[in-house]
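J.: Okay, sequence plus prediction incoming.
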Amino acid sequence: MDDDSTPATRYLDALNLPYRLFKHPGPILSLEQAAAERGQSPQQVVRSILFRLNEAAYVMVLAAGPGQLPWQALRRYFGTSRMSMADPQTVLELTGYESGTVNPFTASAVPGKPLPIPVVVEAGVLKQSELSIGSGVRGLAIILPLPSLLAGLGEYRTAAFFKA
């Protein structure tokens, strides 16, 4: 293993899925900056957002780009009148990673974290041929083709939360 190995990269390696790592030269201050440094558009940067649906239920939504997910559409899709973003401590406990470094593979890739977290892929993610996701390490991104992302997810649902 090299110094840049993370549970997410080990998971991708175990599945023999292609990806590459990108190390940022300094701190990341915005999604737009991250995309530019990676040679990508902001729509190619996938955010892995953990939502709390109730006391015991969580879901991860993968969203492309900087747009805010519309809460009304989220609540309607999940059939709930209340939901919230998971707090940083819960994100760490459920994924094994700090907020801002999370990726959709962490729930199954982190030893001792067997809790299955359902994943919903926002339709905008599916429009990109190449994407970047968090690696679990600040300043280090995983860049991968869409088929690698989807194969790594295994089971997932798709939804269109943004109006076309």
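T.: Nice, I can see it.
J.: just the helices in the protein please.
T.: 7-14, 31-38, 71-78, 88-95, 106-109, 146-153 (DSSP state H).
J.: Among these, single out whichever gets nearest to residue 135.
T.: Nearest to residue 135, of all those, is helix 7-14, at 5.7 Å by Cβ to Cβ. (Glycine included, C-beta is placed from N, CA and C.)
J.: Show me how far that closest one is from its chain's centre.
T.: Relative to the centre of its chain, helix 7-14 is centred 14 Å away, using Cα atoms, centre = their mean, to the nearest Å.
J.: again with stretch 4-13
T.: That offset, for stretch 4-13, works out to 14 Å (Cα atoms, centre = their mean).
J.: Over to stretch 141-157?
T.: Mean-position distance between stretch 141-157 and its chain equals 10 Å (Cα atoms, centre = their mean).
J.: do stretch 124-136 as well
T.: 8 Å.
J.: C-alpha coordinates for it, CSV please?
T.: Extracted as CSV, the C-alpha positions of stretch 124-136 are listed here (Å, rounded to 0.1, in the frame of the first residue of the first chain):
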residue,chain,number,x,y,z
GLY,A,124,-26.9,15.0,-12.8
VAL,A,125,-24.2,12.6,-11.8
LEU,A,126,-25.2,10.2,-14.6
LYS,A,127,-24.6,12.9,-17.2
GLN,A,128,-20.9,12.9,-16.6
SER,A,129,-18.4,10.4,-18.2
GLU,A,130,-15.7,11.2,-15.6
LEU,A,131,-16.2,12.3,-12.0
SER,A,132,-14.3,13.1,-8.9
ILE,A,133,-15.2,12.1,-5.3
GLY,A,134,-13.7,12.4,-1.9
SER,A,135,-11.0,10.0,-1.0
GLY,A,136,-11.3,10.2,2.8
